[in-house]
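[1] Any chance you could fold what I've pasted below:
(2 chains)
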Amino acid sequence: MIPTLFWTDGLFFLVLVMAGALVLVMRRREHFRRPWRTVSRSTPAMVSLVVIAVYLAVGIVDSVHFFPRADAAGSAAGANEPISLLDHWLGGLRTRTEKTYSEPFAAYAYAKEHLPTADGGQRWDYPRLTYGGAHLVDPESERVRDIAVTGVRGAGQGGLMWLIAAAGIAALIARSRREPIGRVVHRVARGQTPLPWRAMLLTLLLLCVGGGAIAEWSAHYHVFGTDKVGADVLYQTIKSIRTGLLIGTLTTFVTLPLALVLGLAAGYFRGWADDLIQYLYTTLNSIPHVLLIAAAILLTQVYMAKHEEAFASLALRADLRLLFLCLILGLTNWTGLCRLLRAETLKLRELEYVQAARALGVRDHGILLRHILPNVFHIVLISVVLDFSGLVLAEAVLSYINIGVDPTTESWGNMINSARLELAREPPVWWSLAAAFVFMFTLVLAANLFADAVRDALDPRRAD
Amino acid sequence: MGAASMPLLQVANLRTGFVQGGEVVRAVDGIDFQVEAGETFALVGESGSGKSVTALSVLRLLPQNGRILSGSVALAGEDLLQLPELMMGRVRGRRIGVIFQDPQTSLNPVLTVGTQIGEVLAWHGLRRGRAAVDRTLELLEQVGLPEPRRAVSAYPHQLSGGMRQRVMIAIALAGEPELLIADEPTTALDVTLQAQILVLLKTLQRDLGMALWLITHDLGIVAEMADRVAVMQSGRIVETADCKRFFARPEHPYSRQLLERLPRLSACRDHRDAGGDAPPPTLLEVRDFKVYYPVRKGVFQRIVDQVRAVDGVSLELPRGRTLALVGESGCGKTTLGKALLRLIDHNEGELRYDGVDLSRPGSDDAQRRLRAQMQIVFQDPFSAMNPRMLVGDIIEEGLRALRPEIGHESRRERVETLLVSVGLPPDARSRYPHEFSGGQRQRICIARALAVEPRLLVCDEPTSALDVSVQAQILALLVDLQRRLGLSYLFITHDLGVVAEIAHEVAVMFQGRIVEQGPTAQVLLAPAHPYTRRLLAAVPKLRCG
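    Coordinates of the predicted model:
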């Protein structure tokens, strides 16, 4: 097992570390602690946070890549393509591929085939699946019962895991508050804690029970069916989580420095710097973004095709294309925040405390860092969390028109793109679209609810 | 004859509160007063005393979280608090007219003056069509707008501040009200305009026979205008009296305190108190100082014209003295102050500080060191401090920038000493500015300026945003600091009362130039220039009648 680090992995972890550092810094500042405390008291925000945390955990596990050992049994193809920790854990899901489409929980394929009969002839019928429901002797009579039993068993296991987690959380609260654990449990159950622990634990219960059932089912069935080449759709949609998260977070890596540096510079120094920066973003804004993105993606493709030797593995190529997509999305997305920051800085620089600092001989960079930046930071936070869900959706749209991530990268956009043809079939194949929709919708809804709470708490005009 | 004995407005036991986080905070706490038909009644109090909330309660225009808890408000015997909202709409603007403080925000910027007055006439069904236009013209004439025909079709931004306030009064009069509520009608205006508006209100009240309920913090205005006075302090009325008697013999200690703290023109500071007759050496010398703002037009931003904000000013400020720079808003006094500190570039002129010529660009470092010698204190203590920084960090910012060699410990000591010297506890260091009141914040601003040991302090209206009692404390602090540290002040203000209290010398500024300059007593008591005389005449005197 040789660990390897993709570009996007490294940057993703860097973003996480920086976010962690930011949290530590903000914890020490009262004026940030206060609004975040408001956020932490809001039930929708904290429920969303639980959901986001689960997605994030999946994304992190999926970002630890390594080359599997080329042992005796290992296939030749498996050895030089790195897999992630998530792939490793979901090994079965990845390798249990059928021939082609099959419905969720199906034991038979979705298309008829010529099957050999016992008497040596052929018959035109639905074949049994290689893995889905393979343990059943007679799927017609056993399947529904088996699904129910496995589901309950999985839910039970999930519930048990939840109990352990909940007990651990209660113990932690009890320890930090120095209260007997019985009282803590009682207060949580009645919803009397300052943080909405009851709602958060209920969400966690829902996720645990659902996750447990799906996990148990997926050992014997394809919960969300299979796609054209027989790959498990559940596996695809789980793998898409990482893509969505990366697009949402890595893009800020480009937008933030550009918007902050240029916005503050334009607003503070005015004059020719302001003119230049304004021309820059008006020009950029007047080019249709889709065109710009398409051009950039095609360029990278051409570049990679010309320097084939540098991009040995398929995964590395797909990864770089994802990274370039983030970069170009960032390049087209910084103008909005930049304009907001410029306007706010224009206002702040005339304020008397900035003038007083200038009278005291504080240099420009000191004023920008100590006086302007902290006073525009709430705008940055609000816009980053608001933009996140928009970017996840943008990926879906871009992949739909084929200028998004690499076709080999699992992403909700690619799933939706392929669903275009699947829905045109008769009978339609609906499950890819449904799976992508459910997972993406959950993430975007959670992100939006969380962003709403953050904006309400941080926006001084809304704070009352 | 019940009507004759019944007051026009009778407020009884009125209690108003604001709901904040599930609790009710009392703003008006059981007040009783009445306004008789045809009289001028003044409600006086410092900011936060609840006087505006009282007016809003009477009009039932409280903000969302405001609640009237108990009491009654009777207009000619009819309880306004019991009226349905629809009927109340017929009272507001018709039977009670209102003028608010700020004419900028009280007029709709996208409607012409004529439309806004016509709206009131139409809403109350008073005039329509041709008659409404005639009435509008009549009203505008009544409030003394020059060329009422042009004003009818003008938009608010085309009018000056004083004219806008006149339009506001015309709107309030359109409904032919029995009672006119004027909430700080002149606070946003210059002193000469203030005098004009007050005279106008007084004449209108006499001619139309309506009652005027004046809400103000300025006892000078009260003395000029009111028949009866009520003094309000933290939600209660502490004294109600006839105006003459009130100024002659105030009964409540708080009223006495207010009257004593009022800056008076007669309180001119003896400018010989610095010791000896020999004039102290000059610290700051300005010759032919000019600051122009370019007016740019067109695609290439060509400079087509210049606004002469400061147009050839010459000044001398002796060491350890206070020079007051007096003038109305827009006369260029703040621009001059900022240009002296090099916060704004000047176009022409000589600027000598302690014999060193500052108008020539020197090395960056030397200039920054000289910067430390001149500091500024601003008008609004709320926007003068970064809300994201601790008070200690705010005060030591200048030290960090100019004396990086001072260590952490001694910097902390300096900050604490400074806080004590401006009358604040040393532990204020580790708190945020929003935890302090206006006066305390102004003290912090002074401490920040003093941190770099300046010799000259430019005070740009440091007391105008403060209440009278706090104003007196800040002035006393400034005088005390001058005595202890030998500071020189360039004191920019529009308030001649403050000038008398603090200044050794006065320079009167008008349209970018200094029209008169001399010792305080001479300028204030024997003004030579007609503009100075006009300024002085406009100051409300503490005389009743």
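[2] make it CA atoms for all contacts and neighbour counts henceforth
    Will do.
[3] Quick check: phi and psi at the closest residue to chain A within the stretch 251-400 of chain B.
    Nearest residue of the stretch 251-400 of chain B to chain A: residue B:384, at 4.3 Å (Cα to the nearest Cα). Main-chain torsions, residue B:384, degrees, to the nearest 10: phi -90, psi 0.
[4] Ok, residue A:161 next?
    According to degrees, to the nearest 10, residue A:161 has phi -60, psi -40.
[5] My read is that it contacts residue A:208, right?
    Yes. With contact defined as Cα atoms under 8 Å, residue A:161 reaches residue A:208; the gap is 7.2 Å.
[6] ok, those two, which is more surrounded?
    residue A:208 (23 against 16; other Cα atoms under 10 Å in any protein chain shown).
[7] Leaving out chain neighbours, which residue sits closest to that one?
    Spatial nearest neighbour of residue A:208, excluding adjacent residues (Cα to Cα, 6 or more residues apart in numbering or on different chains): residue A:158 at 4.7 Å.
[8] count of residues packed around the residue nearest to residue A:98 when sequence neighbours are not counted?
    Spatial nearest neighbour of residue A:98, chain neighbours left out: residue A:230 (4.2 Å); criterion: Cα to Cα, 6+ apart. A total of 18 residues lie near residue A:230 under the criterion other Cα under 10 Å.
[9] Residue 262: neighbouring residues, count only.
    You didn't pick a chain, so chain A it is. Residue A:262: 25 neighbours (other Cα under 10 Å).
[10] To clarify, I was referring to chain B.
    By other Cα under 10 Å, neighbour count at residue B:262 equals 19.
[11] Who are the contact partners of it?
    B:219, B:468, B:469, B:472, B:497 (Cα atoms under 8 Å, 6 or more residues apart in numbering or on different chains).
[12] so how far is the helix or strand encompassing residue B:119 from its chain's centroid?
    Here residue B:119 sits within helix B:113-123, counting by DSSP states H and E. Relative to its chain's centre, helix B:113-123 lies at 30 Å (Cα atoms, centre = their mean, to the nearest Å).
[13] C-terminal to that helix, what's the next element?
    According to DSSP H and E, the helix or strand after helix B:113-123 is helix B:129-142.
[14] Next, the angle helix B:113-123 makes with that following helix.
    If you take axes from the mean of the first three to the mean of the last three Cα atoms, to 10 degrees, helix B:129-142 sits at 120 degrees to helix B:113-123.
[15] Ramachandran coordinates for residue 106?
    Using chain A. Backbone dihedrals for residue A:106, given as degrees, to the nearest 10, come out at phi -80, psi 160.
[16] and what of residue A:221?
    Dihedral angles for residue A:221 - degrees, to the nearest 10 - are phi -130, psi 170.
[17] which residues does it contact?
    Residue A:221 touches A:104, A:105, A:106, A:107, A:131, A:132, A:133, counting by Cα under 8 Å, 6+ apart.
[18] try 10 Å this time
    Applying Cα atoms under 10 Å, 6 or more residues apart in numbering or on different chains, we find residue A:221 in contact with A:93, A:96, A:103-107, A:129, A:131-135, A:147, A:214-215, A:232.
[19] again, but for residue A:342
    Contacts of residue A:342 by Cα under 10 Å, 6+ apart are A:259-268, A:270, A:274, A:277-278, A:348, A:376.
[20] Any chance of a ChimeraX selection covering the buried ones in the contacts of residue B:262?
    Remark: buried members of these, expressed as a ChimeraX selection using 16 or more other Cα atoms under 10 Å in any protein chain shown:
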select /B:219,468,469,472,497
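[21] hmm, back to that, doesn't residue A:111 make contact with the residue nearest to residue A:98?
    No. Residue A:230 lies out of contact with residue A:111 (Cα atoms under 10 Å); the separation is 11.7 Å.
[22] pLDDT-wise, which helix or strand of the chain ranks last?
    Picked chain A for this. Ranking every helix and strand in chain A by mean pLDDT, DSSP states H and E puts helix A:76-79 at the bottom, with a mean of 49.
[23] continuing past it, what's the next helix or strand?
    strand A:83-84.
[24] Name the strands paired with that next one and say parallel or antiparallel.
    strand A:65-67 (antiparallel) (DSSP bridges).
[25] tally of neighbours for residue A:129?
    20.
[26] how much space between the closest residue to it other than its chain neighbours and chain B?
    Sequence neighbours aside, residue A:108 is the residue nearest to residue A:129 in space, at 5.2 Å (criterion: Cα to Cα, 6+ apart). Using Cα to the nearest Cα, to the nearest Å, we find residue A:108 at a distance of 62 Å from chain B.
[27] Check residue A:108 and give its pLDDT.
    Residue A:108 is assigned 86 on the pLDDT scale.
[28] again with the one 3 residues further on
    Here, the pLDDT recorded for residue A:111 equals 83.
[29] Please tell me how far it sits from residue B:203.
    97 Å (Cα to Cα, to the nearest Å).
[30] what helices or strands is whatever helix or strand residue B:497 lives in leaning on?
    Counting by DSSP H and E, the element that carries residue B:497 is helix B:496-502. In terms of contacts (3 or more Cα pairs under 10 Å, 6 or more residues apart in numbering or on different chains; DSSP states H and E), helix B:496-502 is packed against strand B:322-326, helix B:468-485, strand B:488-493, strand B:505-510, helix B:520-525, helix B:530-538.
[31] who does the first one pair up with?
    The pairing partners recorded for strand B:322-326 under DSSP bridges are strand B:488-493 (parallel), strand B:505-510 (parallel).
[32] Report the closest residue of the stretch 1-150 of chain B relative to chain A.
    Closest point on the stretch 1-150 of chain B to chain A, by Cα to the nearest Cα, is residue B:20, at 9.2 Å.
[33] Hmm, that residue is touching residue B:65, no?
    Yes. If you go by Cα under 10 Å, residue B:20 and residue B:65 touch, sitting 7.5 Å apart.
[34] which SS class is the residue nearest the centre of chain A?
    Residue closest to the mean C-alpha point of chain A, counted by Cα atoms, centre = their mean, is residue A:245 at 2.6 Å. Following DSSP: H, G, I helix; E, B strand; the rest coil, we place residue A:245 in the helix state.
[35] Report the contact partners of it.
    A:12, A:52, A:55-56, A:58-60, A:251, A:388-389, A:391-392, A:443.
[36] go on, residue A:193?
    Residue A:193 touches A:41, A:184, A:185, A:186, A:187, counting by Cα under 10 Å, 6+ apart.
[37] Of those, grab the buried ones for PyMOL.
    Burial among those is assessed by 16+ other Cα under 10 Å; the matching PyMOL selection reads:
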select buried, chain A and resi 41+184+185
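[38] how about a markdown table for the contacts of residue A:193, with secondary structure and distance to chain B added?
    Putting the contacts of residue A:193 into a markdown table (DSSP: H, G, I helix; E, B strand; the rest coil; distance: Cα to the nearest Cα, whole Å) gives the following:
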| residue | secondary structure | distance to chain B |
| --- | --- | --- |
| A:41 | helix | 14 |
| A:184 | helix | 26 |
| A:185 | helix | 27 |
| A:186 | helix | 26 |
| A:187 | helix | 22 |
